[in-house]
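**Q** Sequence plus predicted model, see below.
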Amino acid sequence: MDKLRGMETFIAVVESGSFTTAATRLGMSAVMVGKYITHLETQLGTRLLERNTRRQSLTDAGRVYFEEARRVLEQVSIAERSVERLRLAPAGTLRISAPTSFGACVISPLAASFLQAWPEVRIELDLTNRMVDLVNEGVDLAIRIGDIHQTDVVAKYLCPYRMAICASPDYLARHGTPFTPADLVDHLCLSHTVWTARNEWMLPGAGGEVRWKRDAILRCNDGHGLRMAAVAGAGLLLQPEVLLAEELATGRLVRVLEAFTPQPRPIHLLWRQDLRALPKLTRFVEHVLSAVQELR
């Protein structure tokens, strides 16, 4: 028989003073109440109640067991309420993996505003361009750029990852404005060191992709460093729009070759196919989806 149910039955008998009243309180028969008490006494190897036709009283063992059993059930109730709160309101640690640049510019500020709304949540944000394993690495949510080919995760489309080609007004005044990829022969290129000859400056053209064949005059392993060099007039820059938003808005950088910008790639939110996602995850997903509507 269920031990916790037996404890609950014993406490009801002591507090109500009789098997019959306890049975009514618990919604069971008086015979079943008696079976629970007998089972408890058999398990414990001692009598808990002294019973006769007119009254019942606790034995010394019964008094000790009554206090301890009541304390146990109180702790069980506290544990159940704690889990219930987790199901109703975001709480606990949320582990997120995001691409380095997009994560720093977009996800990190959203994490900050989410924490202000839900102070019981803690966030561990890992900014990496590595494809993490959600299950083996204990990641609750991953943000990925590009098409998703996994079938064991939930993938929610977030927004397009658009690119932009730009330069400073000073650079364009000195070198002119390119209008087609063919014009790039007369221009200077800035490039990220993680790019390779296969994927850097591959621009869509009328006859397929066109690669800018000139070597970059400046390579850097940091996107912010490249932006500052472009603002200072070093050359043309190809970067994600989200990283260039402030410079484009203020006019420190100006778009060029808009008709030849690489096609945007999709950004997805990924999480495991759990039977029931906790509020810390579902609310954060809602928070991010709502906030990035303007990027769509």
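**A** All right, it came through fine.

**Q** what sits up against stretch 121-133?
**A** With contact meaning C-beta atoms under 8 Å, 6 or more residues apart in numbering, stretch 121-133 is reached by 90-100, 103-104, 107-108, 111, 114-115, 139, 142, 144, 194, 280, 284. Where you see a C-beta, it was placed from the backbone N, CA and C, and this is true even at glycine.

**Q** at 7 Å what do you get?
**A** Residues outside stretch 121-133 that contact it (C-beta atoms under 7 Å, 6 or more residues apart in numbering) are 90-100, 103-104, 107-108, 111, 114-115, 139, 142, 280.

**Q** ditto for stretch 283-296
**A** Residues outside stretch 283-296 that contact it (C-beta under 7 Å, 6+ apart): 90, 94, 106, 110, 114, 118, 141, 156, 158-159, 242, 269.

**Q** Roughly how far does residue 243 sit from residue 19?
**A** Distance of residue 243 to residue 19, computed by C-beta to C-beta, to the nearest Å: 74 Å.

**Q** Excluding covalently adjacent residues, which one is nearest to residue 218?
**A** residue 190 (5.0 Å; C-beta to C-beta, 6 or more residues apart in numbering).

**Q** my read is the one you found is in a strand, agree?
**A** Yes - counting by DSSP: H, G, I helix; E, B strand; the rest coil, one finds residue 190 located in a strand.

**Q** Let me know whether it touches residue 231 as I believe.
**A** No - with contact defined as C-beta atoms under 7 Å, residue 190 does not count as touching residue 231 (10.8 Å).

**Q** Torsion angles phi and psi at residue 51?
**A** Main-chain dihedrals, residue 51, degrees, to the nearest 10: phi -120, psi 140.

**Q** beta partners of it?
**A** With DSSP bridges as the criterion, residue 51 is bridged to residue 56.

**Q** ok, which stretches of the stretch 151-296 of the chain are strands?
**A** Taking DSSP state E, counting those that start in this stretch as the test, the strands found in the stretch 151-296 of the chain are 153-161, 163-167, 190-192, 202-205, 208-211, 218-220, 237-240, 254-256, 265-272.

**Q** just so I know, which of the ones you listed lies nearest residue 178?
**A** Among those, the nearest to residue 178 by C-beta to C-beta is strand 254-256 (5.7 Å).
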